[in-house]
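Q: sequence plus predicted model, see below.
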Amino acid sequence: MLPSDSHCRFETAISTQARSILQDAGPLLAFLVFGLAGCGGTPRTAPVPPPAGDSTLASHELLATLGLDGTAEEIPRRLPGTLLTAPEDQVARFAEQNRLFVQGISLPPRTDTGPPRTGIDVLRSELADVDRFDLLYSREGSLQAIVPSPVALSAGAGAWFMDLTPYDIELGGLASASDEALERTSRRILERRRIVSDYVQFRGLSQKLRPVDSLSKKPYVLVSLDKRNGDVGLKEFGPSDLLDGEARAFIRAAFVDPDRFSLVYPVFPTVYSPAVSNNQAQARNFGHHVYETLMKMSPVDGDRILDVGTGSGYLSWVAWSAARTIGRTPTMYAIDINPLAVSNAKAMAHLAGFEINAIAHDNVAGPEGLAFPDVTFRLVIWDMPALPRLLRPHLSERGSRAHPRQLMEYWDDGSTALGSLETFAQTLPQLLESKPTATSSRGAMPSAAVLWNIAPADFPEALPHTFEQVGLTPLLLDTYTSGGGAITCVVYAISLPESGLRRRGGKKLSDLARYHDRRH
């Protein structure tokens, strides 16, 4: 056995490269090397849990939704049925060497199926369908990562971990911070991200775990709106971009332009980002249509706007900013099936300086009833889940909820998109204000929903026919192609008929398809 005062000298002598090789070899070999510090000498005392994280950080709303915004010791109280588990000795040593605090948690069994209903359900839905996770905290109290426990993962099962290091930042003061402060913040985040990656490798999970969606998007979005014409700008960036002088200058320039409203806000893990390259053109186009629709409506203070499937809250910001261009302040509502998207919209609104009533709900109506009972809206916005390019094979499907599913299964190109459209159409007559407000301008556009979707190649009239069958009036605002011309995108405004009559019920798309066949 090595003398107790030789332990640290032995570990320090291991090069970074050798350490990486040993960690990839698996937990057992890693324990044999890194665990030597426990083979004698003075017993270690238990590390003191860090204090609660800073509520001014971008991560605050996310952690509140997860029930992890307090100290580690408060988790059982915030998440009833959750147990704290002590980390293994080698994990505790890794944490001490890297200025971390690692807390294991064991979640209670999930009792329902379908989409995640709470933030903590997202861990099972999007990371791994297991009950045990490791929480990695900085010594200052910020939650840095959530990692499925290797003890709980089955052999060969793919899984993900949640890297939260980019959200350990105050985005509100980003544009006014000095170069030195931004570079220091960037290096701190990148160093903590490296430690999280080292932890995953140390646990023998580097070949099994990937960071959830962080490879496909960057964690921050700069959005701007031209006050004169509604042109929308979108740019995504990450911590490493803050080391680039040109990138910093671009961000600052957006905030000193008197003709634009601008905002930097986070996009949380598992949440749809409008600023990634594949989404940006469509998001900018639809955002501009939201602006134009509001201008035609001549909104007044207090007009209610509902953002369905809010994602990061991007369209809520566009609608609120559009109203601001004419000095109006609307009342904002939002729903999303993803609890973390709801927290994202709240974080965005907090940074922008307005209130939003955002809740987790599957569509505007579900088994529990309407998302917002007894509330009607001047404008409803939905960048909808895309219908399948070929719709007919899906007409008999409505989606099964026999087991938990990932959130991606509720997005594009499936039977859930089809069911979402029909539910929304049947409910929309109850959501739109039937009469303009007393202070609305004469000749202003009536209450409406503005929607984006695609026109299926085998049934291009599917979307307008669905709304016509429930007595609504669809108006085509825009059509364009994407994907090299393979996809036809459409933007519609849907309004109540001039008579104000609300027709309930209606046919399903399978019936409409037969009608389409008879006509053609």
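A: Structure received.
Q: quick check: bridge partners of Thr331?
A: Using DSSP bridges, the beta-bridge partners of Thr331 come out as Arg304.
Q: before we move on, what about the one 5 residues further on?
A: Beta-bridge pairing of Asp336 under DSSP bridges involves Ala360.
Q: that one touches Ala360, doesn't it?
A: Yes: in this structure Asp336 lies within contact range of Ala360 using C-beta atoms under 8 Å: 6.5 Å. The way it works is simple: take the backbone N, C-alpha and C, and place the C-beta from them, glycine included.
Q: now do the SS call for the spatially most central residue of the chain.
A: The structure's the chain has its C-alpha centroid closest to Val271; by C-alpha atoms, centre = their mean the separation is 1.9 Å. Taking DSSP: H, G, I helix; E, B strand; the rest coil as the rule, one finds Val271 in the coil state.
Q: so it versus Ile359, what's the distance?
A: With distances defined as C-beta to C-beta, to the nearest Å, the gap from Val271 to Ile359 amounts to 15 Å.
Q: so which strand or helix has Ile146?
A: Assigning secondary structure by DSSP states H and E places Ile146 in strand 143-148.
Q: burial measure for the nearest residue to Pro211 once chain neighbours are set aside, as a count.
A: Using C-beta to C-beta, 6 or more residues apart in numbering and skipping residues adjacent in sequence, the residue nearest Pro211 is Asp163, 4.6 Å away. Applying other C-beta atoms under 10 Å, we find 23 other residues in the vicinity of Asp163.
Q: now the phi/psi pair for Trp320, please.
A: Dihedral angles phi and psi of Trp320 (degrees, to the nearest 10) take the values phi -60, psi -40.
Q: same question for the longest helix anywhere in the chain: list its buried residues.
A: Of all the elements of type helix in the chain, the one with the most residues (DSSP state H) is helix 179-202. For helix 179-202, burial by neighbour count (16 or more other C-beta atoms under 10 Å) applies to 182-183, 185-186, 189-190, 192-193, 195-202.
Q: among those residues, which one lies nearest to Gly483?
A: Closest approach between these and Gly483, by C-beta to C-beta: Arg193, at 33.3 Å.
Q: and that closest one, what pLDDT?
A: Per-residue confidence for Arg193 comes out at a pLDDT of 96.
Q: ok, now which ones touch it?
A: Arg193 sits next to Asp163, Thr165, Pro166, Pro239 when contact means C-beta atoms under 8 Å, 6 or more residues apart in numbering.
Q: same thing with Gly233?
A: Residues in contact with Gly233, defined by C-beta under 8 Å, 6+ apart, are Leu222, Val223, Ser224, Leu225, Asp226, Ala254, Arg260, Arg284.
Q: touching, the last one and Asp226? I think so.
A: By that I understand Arg284. No: the criterion here is C-beta under 8 Å, and Arg284 misses it with Asp226 at 11.2 Å.
Q: the longest helix of the chain: how far from the chain's middle?
A: Helix 179-202 has its average C-alpha position 22 Å from the chain's average C-alpha position, going by C-alpha atoms, centre = their mean, to the nearest Å.
Q: neighbouring strands of the helix or strand hosting Val490 in the sheet, and parallel or not?
A: Secondary-structure assignment from DSSP H and E places Val490 in strand 487-495. Strand 487-495 has these partner strands in its sheet, going by DSSP bridges: strand 448-454 (antiparallel), strand 473-482 (antiparallel).
Q: residues making contact with it?
A: 282, 285-286, 289, 293, 389, 428, 432, 445-455, 457, 460, 463-464, 467, 472-482.
Q: about what we covered before: the residue nearest to Pro211 is in contact with Thr270, isn't it?
A: No: taking contact to mean C-beta under 8 Å, the distance of 11.9 Å between Asp163 and Thr270 leaves them out of contact.
Q: shared neighbours of these two, which are they?
A: By C-beta under 8 Å, 6+ apart, Asp163 and Thr270 have these common neighbours: Val212.
Q: restricting to C-alpha, output stretch 141-159 in PDB.
A: C-alpha atoms of stretch 141-159 as PDB (Å, rounded to 0.1, in the frame of the first residue of the first chain):
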ATOM      1  CA  GLY A 141     -24.300  25.900  -5.900                       C
ATOM      2  CA  SER A 142     -25.100  26.000  -9.600                       C
ATOM      3  CA  LEU A 143     -26.400  22.700 -11.100                       C
ATOM      4  CA  GLN A 144     -23.900  21.900 -13.900                       C
ATOM      5  CA  ALA A 145     -25.300  18.700 -15.300                       C
ATOM      6  CA  ILE A 146     -27.800  15.800 -14.900                       C
ATOM      7  CA  VAL A 147     -26.300  12.400 -15.800                       C
ATOM      8  CA  PRO A 148     -28.100   9.000 -15.700                       C
ATOM      9  CA  SER A 149     -26.500   6.700 -13.200                       C
ATOM     10  CA  PRO A 150     -24.500   4.000 -14.800                       C
ATOM     11  CA  VAL A 151     -25.900   1.600 -12.200                       C
ATOM     12  CA  ALA A 152     -29.400   2.100 -13.700                       C
ATOM     13  CA  LEU A 153     -28.500   2.000 -17.400                       C
ATOM     14  CA  SER A 154     -29.000  -1.300 -19.200                       C
ATOM     15  CA  ALA A 155     -26.200  -2.600 -21.300                       C
ATOM     16  CA  GLY A 156     -26.300  -1.300 -24.800                       C
ATOM     17  CA  ALA A 157     -29.000   1.200 -24.200                       C
ATOM     18  CA  GLY A 158     -28.400   4.600 -25.700                       C
ATOM     19  CA  ALA A 159     -29.000   7.600 -23.400                       C
END
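Q: for that stretch, buried residues please.
A: Buried positions in stretch 141-159, judged by neighbour count with 16+ other C-beta under 10 Å: 141-150, 152-153, 159.
Q: which helix or strand lies directly C-terminal to the helix or strand where Ala249 lies?
A: Per DSSP H and E, Ala249 falls inside helix 245-256. On the C-terminal side of helix 245-256, the closest following helix or strand by DSSP H and E is strand 260-266.
Q: list of residues touching that next one?
A: Here strand 260-266 has contacts from 58-59, 166-167, 171, 174-175, 219-227, 233, 251, 254-255, 312-313, 317, 321, 324-325, 344, 347-348, 351-352, using C-beta under 8 Å, 6+ apart.
Q: got the angle for that strand vs helix 245-256?
A: Interaxial angle of strand 260-266 relative to helix 245-256 (axes from the mean of the first three to the mean of the last three C-alpha atoms, to 10 degrees): 130 degrees.
Q: neighbouring strands of strand 260-266 in the sheet, and parallel or not?
A: According to DSSP bridges, strand 260-266 has the following sheet partners: strand 220-226 (antiparallel).
Q: right, and the helix or strand after the strand it pairs with?
A: Using DSSP H and E, the helix or strand that follows strand 220-226 in sequence is strand 232-237.
Q: and that following strand, which strands flank it?
A: Within its sheet, strand 232-237 is paired with strand 220-226 (antiparallel), according to DSSP bridges.
Q: what are the buried residues along the strand it pairs with?
A: By neighbour count, and taking 16+ other C-beta under 10 Å as the criterion, the buried residues in strand 220-226 are Tyr220, Val221, Leu222, Val223, Ser224, Leu225, Asp226.
Q: including distance to Leu84 and pLDDT, could those residues go into TSV?
A: TSV is the format used below for those (distance: C-beta to C-beta, whole Å; pLDDT from 0 to 100):
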residue	distance to Leu84	pLDDT
Tyr220	32	97
Val221	35	98
Leu222	39	98
Val223	39	98
Ser224	44	98
Leu225	46	98
Asp226	51	98
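Q: which two among these are spaced furthest apart?
A: Tyr220 and Asp226 (20.9 Å).
Q: for Ser482, what are its contacts?
A: Applying C-beta under 8 Å, 6+ apart to Ser482 gives the contacts Ala281, Gln282, Cys489.
Q: retrieve the pLDDT associated with it.
A: pLDDT for Ser482: 88.
Q: partners of it in the sheet?
A: Here Ser482 shows beta-bridge partners Ile487, assigned using DSSP bridges.
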